[in-house]
Structure formats: C-alpha cells, structure tokens
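Colleague: Sequence below, structure please.
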Amino acid sequence: MNRPHGGAFSGRLGWGERPVVLVVDLVRAYTEPDGPFALPDPPLTATQTLVEAARTAGVPVLWTVVRYAADLADAGLFVRKVPALAAFAEGAPGDWDALALTPALGETVVVKQYASAFAGTSLAATLTALGADSVLVAGVSTSGCVRATATDCLQHGLRALVVRQACADRDPALHERNLTDLDAKYADVVDLDDVLTHLS
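Modeller: Residues are numbered from 1 along each chain as shown. Reported below is the predicted structural model:
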C-alpha cells in the first residue's frame with residue numbers, strides 16, 4: 001500500500017501465532033438491496049471463502065451484530081446521529097439484524113450497540129479466553145465499524161489484519177482511503193489470497 005503519511009508510518013504488525021477471524025456486522029441491512037445501509041457490492045463471497053478457510057485450519061470465527069432494545073434506550077447518542085440504526089431495535093420490521101452468512105455451531109456472535117465491536121461487549125474477554133494474539137477483520141463498513149474495531153484491536157494489544165476483499169463500503173474510494181489510513185496507523189491491510197495461503 002502507498003504511504004500517504006510518509007515514512008514515519010511504515011511499521012508492520014505481522015501475523016501472530018493464534019489468529020481469529022472476526023466478521024463485523026455482515027447483516028441483511030447491508031447486504032440486501034433495499035436495506036437501510038445497503039452496499040452496492042457486499043463482500044459475501046470473499047467473506048465466505050475466508051470463513052471456510054479459517055474453519056478448515058481450525059482458526060476460531062466470531063461474528064458481530066448490532067441490536068437495540070425496543071425503546072432504543074441502549075442506543076445512546078449513536079441513534080441520534082444515525083437515525084436509521086432504529087432498524088436494529090427489537091421488534092423492528094425487516095429482520096435487518098439477521099446475519100447474511102450462517103455461523104457454524106459453537107461460533108460466538110457478539111451483540112454490540114456501537115461502532116467498535118469492543119465497546120461495552122464481551123469481545124475482549126472472549127479473545128483473551130481463546131488466547132488470540134491477532135484478529136483477521138472482515139465485514140462492513142470499512143469506514144465505520146470495521147475501522148473502529150480494527151483500531152480498538154491495536155488498543156487491546158492485538159494485531160489487526162484487515163482483509164481487503166472481505167470488507168466493503170458504500171463508495172469504493174471511501175473503502176480504499178480508509179484501508180490506506182488503517183494500514184498506515186493501526187492495522188495491516190492484507191489480501192485474501194495471502195490470508196488463504198497463510199491459513200493453509
């Protein structure tokens with residue numbers, strides 16, 4: 001990747017010895033054409049390929065979804081800033097919080113209310129219990145929940161590896177700009193083919 005911030009931002013985190021895959025918010029709200037957060041090209045195929053490779057390699061796979069109480073009491077100011085988040089309230093029509101891919105039996109689904117999968121959730125404790133030292137981040141959207149989660153990986157002492165083809169945003173340029181910035185400051189952005197080679 002290019003280095004828009006100069007040579008001072010040139011480090012690499014690399015792979016750890018105990019990776020996990022974390023699929024962030026890949027739910028119907030993003031993957032269905034009429035969803036409130038619909039993406040033009042959701043990364044379903046690439047993410048499924050990543051997940052299957054992880055399962056074959058014995059690498060744990062975790063998932064996140066956004067869910068709120070029916071009265072949005074746990075949505076805080078986030079729902080004020082992004083009113084469409086009300087689609088994730090309990091009992092809201094559309095089943096928008098349903099995962100677009102199916103977790104395997106025993107795979108953890110972390111319920112969150114904010115952008116980062118770490119904010120107020122059990123994720124950090126779950127990763128500690130798994131002995132994880134690196135997190136392969138996939139999902140949506142690159143500029144939002146993927147970025148926030150990858151940044152918080154670093155702040156929790158975990159290597160974040162963001163899988164380029166397994167993430168997406170509403171605008172390809174926005175996707176690329178955020179990947180470039182993440183790669184410079186907080187994570188390693190990696191190609192799916194390289195990940196598959198490593199896992200095999």
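
Colleague: hang on, Thr47 packs against Leu101?
Modeller: Yes - using Cβ atoms under 8 Å, Thr47 is in contact with Leu101, at 6.4 Å. C-beta here means a position set from N, CA and C on the backbone, and glycine is covered the same way.

Colleague: The biggest strand by length in the chain - which strands sit beside it in the sheet, and in what orientation?
Modeller: Ranked by number of residues, the top strand in the chain under DSSP state E is strand 159-168. Each strand paired with strand 159-168, and its direction, by DSSP bridges: strand 134-140 (parallel), strand 188-190 (parallel).

Colleague: would JSON lines of those strands with mean pLDDT be doable?
Modeller: Shown next, in JSON lines, are those (pLDDT from 0 to 100):
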{"stretch": "strand 134-140", "mean pLDDT": "98"}
{"stretch": "strand 188-190", "mean pLDDT": "97"}
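
Colleague: Go through these and name the closest to Leu13.
Modeller: For Leu13, the closest of these is strand 188-190, at 5.0 Å, according to Cβ to Cβ.

Colleague: Give me the next element, helix or strand, following the closest one.
Modeller: The C-terminal neighbour of strand 188-190 among helices and strands, as given by DSSP states H and E, is helix 192-199.

Colleague: chain center to that following helix: distance?
Modeller: Per Cα atoms, centre = their mean, to the nearest Å, the displacement of helix 192-199 from the mean C-alpha position of its chain is 18 Å.

Colleague: What's the mean pLDDT across it?
Modeller: In this model, helix 192-199 has an average pLDDT of 96.

Colleague: Geometrically speaking, which residue is the centre of the protein?
Modeller: Residue closest to the mean C-alpha point of the chain, counted by Cα atoms, centre = their mean, is Val24 at 3.0 Å.

Colleague: so what's that one scoring on pLDDT?
Modeller: Value listed for Val24 in the pLDDT field: 98.

Colleague: need the contact list for it.
Modeller: Listed by Cβ atoms under 8 Å, 6 or more residues apart in numbering, the contact partners of Val24 are Thr64, Ala117, Val137, Ala138, Gly139, Val140, Cys145, Val146, Thr149.

Colleague: what's the spacing between it and Ser10?
Modeller: Per Cβ to Cβ, to the nearest Å, Val24 is found 26 Å from Ser10.

Colleague: which residues in the chain form strands?
Modeller: Assigned strands in the chain, in chain order: 19-24, 61-66, 109-112, 134-140, 159-168, 188-190 (criterion: DSSP E).

Colleague: The ones you listed: which one's closest to Ala86?
Modeller: The closest of those to Ala86 is strand 61-66. By Cβ to Cβ, the value is 11.0 Å.
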